[in-house]
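*Asks:* Output the structure for:
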Amino acid sequence: MRALRESVDRTPPSRERYVDLLRALAIWAVVLGHWLVSAIIEDQQGRPTGRSALESLPWAYPITWIVQVMPVFFIIGGYANAASLTAHRNRGGDGVSWLQDRSARLVRPTTVLLTVLAAGAVVARVLRVDPEYVRMAVWVASIPLWFLAAYLVVVAAAPLMVRLHQRFGLRVIGVLVVLVALGDVARLLGPELAGAGNFLFGWLAIHQVGFAWRDGRLPFTPRTWVPLMLGGLTAALLLTVVGPYSISMIDVGGQHPRNASPPTLALLAVATFQLGLLMAVRDPAERWLRRRRPWLAVVAVNSVVFTIFLWHMSAVVLLVGLLDTLGLLPKPAVATTEWWLWRLPWLLLLAVVLIGLVALFGPIEARSRRIRRRRPPPAGPSRPLTRPTLGAVVTVAAYAAVVAGLVSNTVALRTSPYLLGLPTAGLAAYLAGAALLRLLRTLPAAGRVFGD
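*Replies:* Modelled structure (predicted):
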């Protein structure tokens with residue numbers, strides 16, 4: 001608590017506290033959303049498994065226009081990445097060394113999660129648990145990693161995208177939206193894979209909004225947020241109610257095209273609507289956050305916010321396993337009275353488990369935030385990534401290996417009998433990329449070896 005109070009006292013007056021509040025609220029929206037729609041059922045062997053209750057609650061689809069907060073994550077991520085990169089360059093660093101530094105806050109805690117999941121899978125195999133069932137448990141616990149893979153891609157692209165933003169401004173967003181539209185047409189007329197490029201273009205477009213927020217190209221006035229809110233809402237209604245897109249902004253089985261993976265024009269419209277809402281309440285929220293107690297609460301949540309995100313589905317796996325072992329696991333049908341009544345104790349029990357996980361693994365995130373480079377940033381002006389050095393190539397390759405490892409787990413079958421509960425090649429690629437980023441970040445000689 002003392003460290004939190006000191007952090008509060010050190011907050012500079014210029015800090016955009018609202019961004020930190022949005023990050024904390026978005027994390028809890030994801031956690032509570034995943035927990036609320038978790039439906040426990042039995043597989044063919046009578047063992048507990050799960051599915052999304054949203055498939056049985058079509059009336060809730062419009063609610064996803066508010067609770068689908070991935071666009072909020074990418075907007076505030078764009079703001080934070082632009083601020084961090086600018087500060088790093090002002091200290092004499094460049095985009096390559098920034099990428100190496102930035103990886104610590106994301107990759108280190110994720111490596112711990114994957115290591116624990118792999119070790120747990122090995123223990124389960126030793127205890128002769130069905131390998132396919134072990135894989136299912138690991139897959140559920142690792143659900144948050146699909147978002148991290150997408151986010152790491154936009155982080156790796158941030159140094160280049162910031163330069164494009166500085167030169168071309170909001171036109172970059174326009175180009176990316178056009179590319180998303182072209183991808184949507186390809187998906188609607190052909191196979192889903194035809195629009196795979198929207199995984200990049202869609203999230204980059206939303207991330208780019210954070211740059212505009214930070215540099216003032218989106219002024220917080222009714223002349224800005226009213227058109228954004230009303231225009232985004234109107235476009236979303238036309239695209240979903242009249243047009244070919246699904247109403248739900250959270251992927252539901254049977255949807256074509258899905259709105260979130262990859263992002264569609266409909267999701268971009270909803271993101272525009274959400275941006276208008278966020279801008280409308282920004283000024284009163286900033287004034288409220290100048291008070292000590294609210295800001296202390298926001299700082300406390302953000303000190304372990306990534307741990308909360310990474311481990312919240314592991315809490316589901318642990319609680320289901322414990323209750324099933326004790327013979328106390330309810331499995332009411334979705335949308336029944338019993339199912340709704342079970343939501344409150346379900347959330348409370350999951351919160352208890354997650355608190356324990358955060359207490360155990362939260363310090364790892366805290367240490368990751370305190371990591372400082374052991375070598376000073378290079379002197380002189382920063383060098384653009386448009387003239388790649390060996391250091392840039394190696395750094396981007398390390399990011400690519402990390403992302404490939406995460407993606408391999410997301411796309412792999414949920415019941416494959418992997419020895420470690422995760423695709424072996426994918427896990428090896430992730431660990432190799434993570435190790436290389438750590439080497440680049442920590443060894444003083446790395447900068448000389450790789451030409452930084």
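
*Asks:* drop to CA atoms for contacts and neighbour counts, all remaining ones
*Replies:* Will do.

*Asks:* Go ahead and name everything in contact with stretch 48-67.
*Replies:* 29-30, 33, 37-43, 247-250, 252-253, 270, 274, 320, 324, 334-335 (CA atoms under 8 Å, 6 or more residues apart in numbering).

*Asks:* mind listing which of those residues are in strands?
*Replies:* Among the contacts of stretch 48-67, the residues falling in strands (DSSP state E) are 38-42.

*Asks:* and those residues, which are buried?
*Replies:* Under a neighbour-count criterion of 16 or more other CA atoms under 10 Å, the subset of these counted as buried comprises 38-41.

*Asks:* Surely V154 is in a strand?
*Replies:* No - counting by DSSP: H, G, I helix; E, B strand; the rest coil, V154 is located in no strand; its state is helix.

*Asks:* hang on, it packs against L204?
*Replies:* Yes - in this structure V154 lies within contact range of L204 using CA atoms under 8 Å: 6.1 Å.

*Asks:* how about the strands of this protein, start to end?
*Replies:* Secondary structure of the chain (DSSP E): strands at 38-42, 48-52.

*Asks:* Among the ones you listed, which comes closest to L350?
*Replies:* Ranking the strands of the chain by their distance to L350 (criterion: CA to CA) puts strand 38-42 first, at 11.5 Å.

*Asks:* so how many other residues sit close to V72?
*Replies:* Residues near V72, counting by other CA atoms under 10 Å, number 23.

*Asks:* Could I have the buried ones of the contacts of stretch 48-67 as PyMOL selection syntax?
*Replies:* Per 16+ other CA under 10 Å, the buried members of the contacts of stretch 48-67 correspond to this PyMOL selection:
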select buried, resi 29+30+37+38+39+40+41+247+248+249+250+252+270+274+320+334
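
*Asks:* which among the buried ones among the ones in strands among the contacts of stretch 48-67 gets closest to M161?
*Replies:* Looking at those and their distance to M161, the nearest is S38, at 36.9 Å (CA to CA).

*Asks:* show me the contacts for that closest one.
*Replies:* In this structure, S38 makes contact with 50-53, judged by CA under 8 Å, 6+ apart.

*Asks:* if we can go back for a sec, ok, the buried ones among the ones in strands among the contacts of stretch 48-67 vs I76, which is closest?
*Replies:* Of all these, S38 has the smallest distance to I76: 27.0 Å, by CA to CA.

*Asks:* so what's the closest one bridging to?
*Replies:* Using DSSP bridges, the bridge partners assigned to S38 are S52.

*Asks:* where does it land on pLDDT?
*Replies:* At S38 the predicted local distance difference test score is 93.

*Asks:* Ok, the one 10 residues further on next?
*Replies:* Reading off the confidence values, P48 has pLDDT 91.

*Asks:* mind listing the helices in the stretch 301-450 of the chain by residue range?
*Replies:* When assigned using DSSP state H, counting those that start in this stretch, the helices of the stretch 301-450 of the chain occupy the ranges 305-325, 337-370, 390-411, 424-442, 444-449.

*Asks:* Reformat those helices as TSV; add distance to A60.
*Replies:* As requested, these are exported to TSV (distance: least, CA to CA, whole Å):
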stretch	distance to A60
helix 305-325	22
helix 337-370	14
helix 390-411	26
helix 424-442	36
helix 444-449	52
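
*Asks:* Quick one, which of the ones you listed gets closest to A181.
*Replies:* Proximity to A181 (CA to CA) singles out helix 390-411 among the helices of the stretch 301-450 of the chain, at 23.8 Å.

*Asks:* Run through who's touching stretch 102-121.
*Replies:* Contacts of stretch 102-121 with the rest of the structure, by CA under 8 Å, 6+ apart, involve 134-135, 138, 306-307, 310-311, 364-365, 368-369, 371, 419-422, 431, 434, 437-438.

*Asks:* Next, the buried residues of that stretch.
*Replies:* Within stretch 102-121, the residues scored as buried using 16+ other CA under 10 Å are 102-111, 113-114, 117-118, 120-121.

*Asks:* for the stretch 1-150 of the chain, what are the low-confidence residue spans?
*Replies:* Along the stretch 1-150 of the chain, the parts satisfying pLDDT under 70 run over 1.

*Asks:* redo that, cut-off 90
*Replies:* For the stretch 1-150 of the chain, applying pLDDT under 90 flags the ranges 1-15, 42-47, 49-51, 55, 91-95, 97, 103-105.

*Asks:* can you map out the helices along it?
*Replies:* 2-9, 17-36, 64-67, 70-90, 95-126, 131-141, 145-168.

*Asks:* Would you format these as CSV with distance to L188 included?
*Replies:* Conversion of these to CSV gives the following (distance: least, CA to CA, whole Å):
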stretch, distance to L188
helix 2-9, 50
helix 17-36, 28
helix 64-67, 22
helix 70-90, 22
helix 95-126, 35
helix 131-141, 29
helix 145-168, 22
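
*Asks:* Pull the contacting residues for the spatially closest residue to V185 that is not a sequence neighbour.
*Replies:* Closest residue to V185 in three dimensions, ignoring its sequence neighbours and counting by CA to CA, 6 or more residues apart in numbering: G195, at 8.0 Å. Applying CA under 8 Å, 6+ apart to G195 gives the contacts 182-187, 262.

*Asks:* Over to W203?
*Replies:* Contacts for W203 (CA under 8 Å, 6+ apart) come out as 71, 74, 150-151, 154, 263.

*Asks:* one step back: and the helices of the stretch 301-450 of the chain, which one's lowest on average pLDDT?
*Replies:* For these, the weakest mean pLDDT is recorded on helix 444-449, namely a mean of 45.

*Asks:* okay, which residue of this structure is out on the far edge from center?
*Replies:* In the chain, G327 marks the outermost C-alpha relative to the chain mean, sitting 34.5 Å out by CA atoms, centre = their mean.

*Asks:* how many neighbours does the residue lying closest to I247 once chain neighbours are set aside have?
*Replies:* On the basis of CA to CA, 6+ apart, the spatially nearest residue to I247 that is not a chain neighbour turns out to be T240, at 5.3 Å. The burial count assigned to T240 is 16, neighbours taken as other CA under 10 Å.

*Asks:* Likewise for D9?
*Replies:* Each residue near D9 was counted by other CA under 10 Å, and the total is 11.

*Asks:* Please tell me how far the closest residue to G202 other than its chain neighbours sits from A157.
*Replies:* In this structure, G202 finds its nearest non-sequential neighbour in P263, 5.3 Å apart by CA to CA, 6+ apart. With the distance defined as CA to CA, to the nearest Å, P263 ends up 18 Å from A157.
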